[in-house]
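Peer 1: coords please:
(2 chains)
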Protein chains: 2
Amino acid sequence: MPGLYEFTVPVLIHKLHCLDHLLAKAADSGVDEATLMAARIAPDMLPLPRQVQIACDTAKLVVMRLGQMEPSPMPDEETTLAELRTRIARTVAYLETADPAAFAGRETAAITLQFPGMEMTFTGQSLVTDFSLPNFYFHMTIAYALLRMHGVAIGKMDFLDGKSRPA
Amino acid sequence: MPGLYEFTVPVLIHKLHCLDHLLAKAADSGVDEATLMAARIAPDMLPLPRQVQIACDTAKLVVMRLGQMEPSPMPDEETTLAELRTRIARTVAYLETADPAAFAGRETAAITLQFPGMEMTFTGQSLVTDFSLPNFYFHMTIAYALLRMHGVAIGKMDFLDGKSRPA
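Peer 2: Residues are numbered from 1 along each chain as shown, chains lettered A, B, ... in the order given. Coordinates of the predicted model:
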């Protein structure tokens, strides 16, 4: 039966490829890159680069915690779509080093996340289902929405599949 | 070890409650309801009601298919936030009738989805990881973004948890 590894590592690698595909289409779209890099859903929401960076970090950190891996810090310094695509590639490369065997029995591990002013405690299982996957998709979808708002020609299949198909 | 049931039914019920919570905050926000109901990310994207309806249907249909349940058609007729909240409640009630035992061994079942002009074939496992969860979160996040764009005071914890916590 599939376990935490199957619900995280291959899924996140696939969806990071989809996110990369969205940014590749954005880079080829002719839409002004500075406009895209500054795009926000609302003035007090984060701009496109932070959405991509947080999606990457959410994927990286859940796999690190479940797979008991060494951290791989990646500073948030990207200022172009090309640099964001490199960040995604680095994150995928990290995920590809995860050892499926290290995920065994991690469903019940206690994992506490620290946030400014609060902390949240999960099991390995609830970290995946209640925090990491929803948070990853949240930031990936906001990135998609920002590109769509500014006229990049992408559709649902680009989001789900990473390649265009007939609508 | 958790299986397909654990990665779908309780997760989707929780997140549907979060989506309901977002709409409850929208209804209490004082933001013009007609504006919210007509809100779109881009002119050729679907408005708020369709985002909520598709999130509901994505949750309903994956549980129906994995759990081999009777269909429960829900026509897309909602025109108010209150009606959308009722749609969510009906969807949750349907999910609550799912039998965990019916999910056993469904990881490898072949499941084909029909779309206009195309079809996609999944296993039970890939239906969850590659289509249903990403699609559910896509539409939930777009709904969130539409509310945020129009000034509803919601934050990430409302999305993840369904209740406000210190930011």
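
Peer 1: from now on I want contacts and neighbour counts done on CA atoms only, so please keep to that.
Peer 2: OK.

Peer 1: contacts only, for A:Pro71.
Peer 2: A:Met64 (CA atoms under 8 Å, 6 or more residues apart in numbering or on different chains).

Peer 1: please report how far it lies from chain B.
Peer 2: 25 Å (CA to the nearest CA, to the nearest Å).

Peer 1: tell me which element the one residue sitting closest to the centre of chain A falls in.
Peer 2: Centroid-nearest residue in chain A, with CA atoms, centre = their mean: A:Ala55, separated by 2.7 Å. Element membership for A:Ala55, per DSSP states H and E: helix A:48-67.

Peer 1: buried residues in stretch A:23-37?
Peer 2: A:23, A:25-27, A:33, A:36-37 (16 or more other CA atoms under 10 Å in any protein chain shown).

Peer 1: which parts of the longest helix anywhere in chain A are buried?
Peer 2: Longest helix in chain A by number of residues (criterion: DSSP state H): helix A:4-27. Buried positions in helix A:4-27, judged by neighbour count with 16+ other CA under 10 Å: A:4-23, A:25-27.

Peer 1: with stretch A:150-167 instead?
Peer 2: In terms of neighbour count (16+ other CA under 10 Å), stretch A:150-167 has its buried residues at A:150-152, A:154-155, A:158-162.

Peer 1: ok, so of these, who is nearest B:Arg50?
Peer 2: Nearest to B:Arg50 among the buried residues of stretch A:150-167: A:Gly155, at 15.9 Å, using CA to CA.

Peer 1: element containing the closest residue to the residue nearest to the centre of chain A other than its chain neighbours?
Peer 2: Using CA to CA, 6 or more residues apart in numbering or on different chains and skipping the chain neighbours, the partner closest in space to A:Ala55 is A:Phe136 (4.9 Å). In this assignment (DSSP H and E), A:Phe136 forms part of helix A:133-149.

Peer 1: name the helices or strands packed onto that helix?
Peer 2: helix A:4-27, helix A:48-67, helix B:133-149 (3 or more CA pairs under 8 Å, 6 or more residues apart in numbering or on different chains; DSSP states H and E).

Peer 1: next one: the last one to chain centre, how far?
Peer 2: To tie it back to what came earlier, the one meant is helix B:133-149. What separates the centre of helix B:133-149 from the centre of its chain is 9 Å, taken as CA atoms, centre = their mean, to the nearest Å.

Peer 1: so, in contact with chain A or not, the helix or strand just after that helix?
Peer 2: Going down the chain from helix B:133-149, the next helix or strand is helix B:156-161, by DSSP H and E. Yes - shown here: helix B:156-161 in contact with chain A (CA under 8 Å from any CA of the partner chain) through B:Leu160.

Peer 1: got the residues of chain A near chain B?
Peer 2: Checking chain A against chain B by CA under 8 Å from any CA, the hits are A:1-3, A:7, A:11, A:41-42, A:107, A:116-118, A:129-131, A:134-135, A:137-138, A:141-142, A:145, A:148-149, A:160, A:166-167.

Peer 1: redo that, cut-off 6 Å
Peer 2: A:41-42, A:138, A:141, A:149 (CA under 6 Å from any CA of the partner chain).
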